[in-house]
Every structure is written in structure tokens, then in C-alpha cells.
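Trainee: dropping a prediction and its sequence here:
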Amino acid sequence: QVQLVESGGGLVQAGGSLRLSCAASGRTFSNYVMAWFRQSPGKGRELVASIRWSGGFTNYADSVKGRFTISRDNAKNTLYLQMNSLKPEDTAIYYCAADPVALGHYAYWGQGTQVTVSS
């Protein structure tokens, strides 16, 4: 059973930084695509960034390019999202997700962590 547990959310002022972590367990993730999504009130869930566990190929939403960095630590089975130059519009619940077949179907989700950026 795959388990994803996020941490690192919180309250930060605009222009500040946060690093989110997602501890993954239950499987070997070498063929997985891992991602961070976010959802704010009244909006749909948005793909923020994704990374292929093997090879490290990354993809970002235009809204976060140049500010956010997705990475993973193979030894710790942990996914990260470094968020810099945060803006109030980045306020959302951030979710870690796993796609076991790299076809855009995220079958596993964490519980989410709240990020709030004050202006």
C-alpha cells in the first residue's frame, strides 16, 4: 500500500520561501512519476510540478516556473518542493501525488498541507 505524507506547509509573507516534503512508502518508486498539485478555495486542482523518479525529468506549471523546484531523494524516498518568491496567489492546499504508470493517472495522494502567503 502506497503512503504519501506531506509536511512543511505554513504561513509565510510574500517574497518568502517554504520547502514542502512528501515521504513516500510502500513501493519501489523507480518507474513512478511524482507530482505536487495544489487547490485553493473555489478553484480546481492544479498540477504545480512533476518529476520522473528515475532520470529526474521535471515539468512545471507556467505560474511557478523560475520560482519553484521539484526534486527527490532516492535514498530517503522523499519528494520535495522548494518554493521561493512566494506570492499570495500561491496560497492553497498542496498535495503530493504518485502516478505508477507514468500515464497521467495519479492513483495515490497525500492528505495535503496548507500553504498561506500573506501580502
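Mentor: All right, it came through fine. Residues are numbered from 1 along each chain as shown.
Trainee: so what does D90 look like in phi/psi?
Mentor: Dihedral pair for D90: phi -80, psi -10, per degrees, to the nearest 10.
Trainee: contacting residues around it?
Mentor: 38, 64, 83, 115, 117 (Cβ atoms under 8 Å, 6 or more residues apart in numbering). The C-beta positions use only the backbone N, C-alpha and C, and glycine is treated the same way.
Trainee: how near is it to W36?
Mentor: The gap separating D90 from W36 is 12 Å, by Cβ to Cβ, to the nearest Å.
Trainee: likewise R67?
Mentor: Taking Cβ to Cβ, one finds R67 at 13 Å from W36.
Trainee: more crowded one of the two?
Mentor: W36 (27 against 15; other Cβ atoms under 10 Å).
Trainee: element containing the more buried one, please.
Mentor: In this structure, W36 sits in strand 33-39 according to DSSP states H and E.
Trainee: what are the buried residues along that strand?
Mentor: Along strand 33-39, these residues count as buried under the neighbour rule (16 or more other Cβ atoms under 10 Å): 33-38.
Trainee: which one of the residues you listed is nearest A24?
Mentor: M34 (7.3 Å; Cβ to Cβ).
Trainee: give me the number of residues near W53?
Mentor: 21.
Trainee: V117 now?
Mentor: V117: 20 neighbours (other Cβ under 10 Å).
Trainee: ok, N74 next?
Mentor: Quick note: N74 (other Cβ under 10 Å) scores 11 neighbours.
Trainee: when you give positions from now on, start the count at 54
Mentor: Fine by me, first position is 54 from now on; the one you just mentioned is N127.
Trainee: please name the residues that touch the closest residue to it other than its chain neighbours.
Mentor: The shortest distance from N127 to any non-neighbouring residue, by Cβ to Cβ, 6 or more residues apart in numbering, is to W106 (7.6 Å). Each residue near W106 by Cβ under 8 Å, 6+ apart is listed here: 82-87, 125, 127.
Trainee: so where do the strands sit in this protein?
Mentor: With strands called from DSSP state E, the chain shows them at 56-60, 63-66, 71-78, 86-92, 99-105, 111-113, 121-126, 131-136, 145-152, 161-162, 166-171.
Trainee: no more questions from me, cheers.
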